[in-house]
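1. Okay, sequence plus prediction incoming.
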Amino acid sequence: MWLPFLYVLGQYLQHKRGRDLALAFLFAVTLVYTHKITTLLVFGAVVGSGALILLKSGDWRDRPVRRATTPSTLFVLTLLSGVLVLVQLTVITDFITGVIGRLLLALQVASVTTVHAVPKAARPVAAGPLYFLLRRAYGLSLVPLAGIAWLLLARKAESDDEWTLLAGIAVCIVLTGVGSVSVSAVNPSRMYFYVELLLCVLVSITLLTRYATGRRRRTLAAAVLVLLLMSQLVSPLVVPDSPQSDRQYLTAEEVAAKRFSSHVPAQIATDQYYAQETVNLRNPGDQRVYVAADENLMNDTAFPDRDYVAYREKARVYRLYGKMKGRWSLTYDPEVGLDRHRDRVYANGGVVIYD
């Protein structure tokens, strides 16, 4: 919905058609229910496009065709998008409480002490600079290219729909930068997903419009394509079992063990990821038998006697949140202690369930 909204908003500002305004409003309302960040994108795109149009087109009073794109029109659009943000934060959700809390923390009006617990039987999985560069290579290669393309197109942009597209891209880049400084404010990876396609289109348009058909344009296009493809291929995200990343899928054995859990008469304690993954979409209520017990697993402490225990034998890295936030690998073999104090009731080579 984000890309169609940008398109119809640009079409309205360029041609002043009522149907484009109606579609823009429809897409904006839909985005309110999509995610909390999309409403900010709508607000930023309206404000940004209005600012760019007025800064670039100082002679708007003398152009009858664009007379509708006046400061008053842009102000009304900004006001409406601002109302959508407030409705989402206060009526549809209760995000406003978290926003106020973070603002107070930023202004040092309130102070909160974050307690970070270090597990006794696990070590942190460190990610070196090379791993970080490779993991973010796709963004680190595309964003600079798009930045150059943005500046080149901004120098020649004349129509209001072009300014709207550029404003939408700029808003995404700004929020991505904010997320790079503070992940708790905005998730930069999520923002990148919203803007990635726009950046690719931006680079492509720049190549097509700046260079005429010929050998030079083909060479540049091939070089950019190879660079972007290589940045994707060298990323550890391509390898689902990267040694420094948690595996975010279940093996066949782990799925089979979860299906077996319907025969277990009590709760099953396990790691957080395995506890929350759903394998039976027709009856997700089976999930209630699994509970997260990462504190016991990470500290090598006894699990509650009333619970069964499920241990994934092939899980190397555990990603936790809360007071033990981070990626951890165990420094001991849980099966040794579990075999000593409990009885095996199920094992399939990937998961062992103990009573």
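-> All right, it came through fine.
2. When you work out contacts or count neighbours from here on, use the C-alpha atoms and nothing else.
-> Noted.
3. tell me which element the spatially most central residue of the chain falls in.
-> For the chain, the residue nearest the mean C-alpha position is residue 190 (2.1 Å; Cα atoms, centre = their mean). Per DSSP states H and E: residue 190 is located in helix 188-210.
4. Only the buried residues of that helix, if you could.
-> The neighbour-count criterion (16 or more other Cα atoms under 10 Å) identifies 188, 191-192, 194-196, 198-200, 202-204, 206-207 as the buried residues of helix 188-210.
5. Output the below-cut-off pLDDT ranges for the stretch 101-250 of the chain.
-> Along the stretch 101-250 of the chain, the model assigns pLDDT under 70 to residues 101-116, 127-128, 130-136, 177-188, 234-241, 243.
6. CA atoms only: put stretch 147-154 into CSV for me.
-> Backbone C-alpha positions of stretch 147-154 (Å, rounded to 0.1, in the frame of the first residue of the first chain) are rendered in CSV as follows:
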residue,chain,number,x,y,z
GLY,A,147,21.8,8.8,-2.6
ILE,A,148,23.8,9.9,-5.7
ALA,A,149,20.8,9.1,-7.9
TRP,A,150,18.5,11.1,-5.6
LEU,A,151,20.8,14.2,-5.9
LEU,A,152,21.0,13.9,-9.7
LEU,A,153,17.3,13.5,-10.1
ALA,A,154,16.5,16.3,-7.6
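7. Please name every helix or strand in contact with the helix holding residue 190.
-> helix 137-156, helix 160-181, helix 215-233 (3 or more Cα pairs under 8 Å, 6 or more residues apart in numbering; DSSP states H and E).
8. List of residues touching it?
-> 2, 139, 142-143, 145-146, 149-150, 152-153, 169, 172-173, 175-180, 217, 220-221 (Cα atoms under 8 Å, 6 or more residues apart in numbering).
9. of these, buried ones?
-> 2, 139, 142-143, 145-146, 149-150, 153, 169, 172-173, 175-179, 217, 221.
10. Now do the helices for the stretch 1-150 of the chain: every range, in order, please.
-> Listed in chain order, the helices of the stretch 1-150 of the chain (DSSP state H, counting those that start in this stretch) span 2-15, 18-32, 36-56, 71-87, 95-106, 129-135, 137-156.
11. Go ahead and confirm residue 95 touches residue 85.
-> No: under the criterion of Cα atoms under 8 Å, residue 95 is not in contact with residue 85, lying 10.5 Å apart.
12. Look at these two and report which has more neighbours.
-> Remark: of residue 95 and residue 85, residue 85 carries more neighbours, 21 against 14, as counted by other Cα atoms under 10 Å.
13. Distance of the more buried one relative to residue 194?
-> 18 Å (Cα to Cα, to the nearest Å).
14. Residue 158 too?
-> 25 Å.
15. From the opening residue of stretch 23-42 to its closing one, how far?
-> Stretch 23-42: ends 13 Å apart by Cα to Cα.
16. who's in contact with it?
-> 1-2, 4-6, 8-9, 81, 84-85, 88-89, 168, 171-172.
17. buried ones in stretch 73-86?
-> Buried positions in stretch 73-86, judged by neighbour count with 16+ other Cα under 10 Å: 74, 77-78, 80-82, 84-86.
18. Present those residues as a markdown table; the columns should include distance to residue 330 and pLDDT.
-> Below are those laid out as a markdown table (distance: Cα to Cα, whole Å; pLDDT from 0 to 100):
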| residue | distance to residue 330 | pLDDT |
| --- | --- | --- |
| 74 | 57 | 73 |
| 77 | 54 | 81 |
| 78 | 52 | 81 |
| 80 | 52 | 83 |
| 81 | 49 | 83 |
| 82 | 48 | 82 |
| 84 | 47 | 82 |
| 85 | 44 | 80 |
| 86 | 45 | 81 |
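19. closest to residue 163 among the residues you listed?
-> residue 74 (13.4 Å; Cα to Cα).
20. Give me the distance between the closest residue to that closest one other than its chain neighbours and residue 90.
-> Leaving aside its chain neighbours, residue 74 sits nearest to residue 50 (5.8 Å; criterion: Cα to Cα, 6 or more residues apart in numbering). Noted for residue 50: a distance of 26 Å to residue 90, by Cα to Cα.
21. who has more neighbours, the two?
-> Using other Cα under 10 Å as the criterion, residue 50 and residue 90 rank with residue 50 on top: 24 against 13.
22. which SS state does residue 301 fall under?
-> At residue 301, secondary structure determined by DSSP: H, G, I helix; E, B strand; the rest coil is coil.
23. what pLDDT does it get?
-> pLDDT recorded at residue 301 is 88.
24. so the nearest residue to it once chain neighbours are set aside is in which element?
-> Nearest residue to residue 301 in three dimensions, chain neighbours excluded: residue 295, at 8.0 Å (Cα to Cα, 6+ apart). Assigned by DSSP H and E, residue 295 belongs to helix 294-299.
25. List of residues touching that helix?
-> Taking Cα under 8 Å, 6+ apart as the rule, helix 294-299 contacts 119-122, 270-272, 301-303, 320, 330, 334.
26. In that helix, which residues are buried?
-> For helix 294-299, by 16+ other Cα under 10 Å, it's 294-299.
27. what do you get for stretch 30-49?
-> Using 16+ other Cα under 10 Å as the test for burial, stretch 30-49 gives 30-32, 37-49.
28. what about residue 86, distance to residue 94?
-> 10 Å.
29. no, scratch that, I was asking about residue 16
-> Taking Cα to Cα, one finds residue 16 at 36 Å from residue 94.
30. With residue 292 instead?
-> 26 Å.
31. quick one, which of those two is more surrounded?
-> residue 292 (16 against 12).
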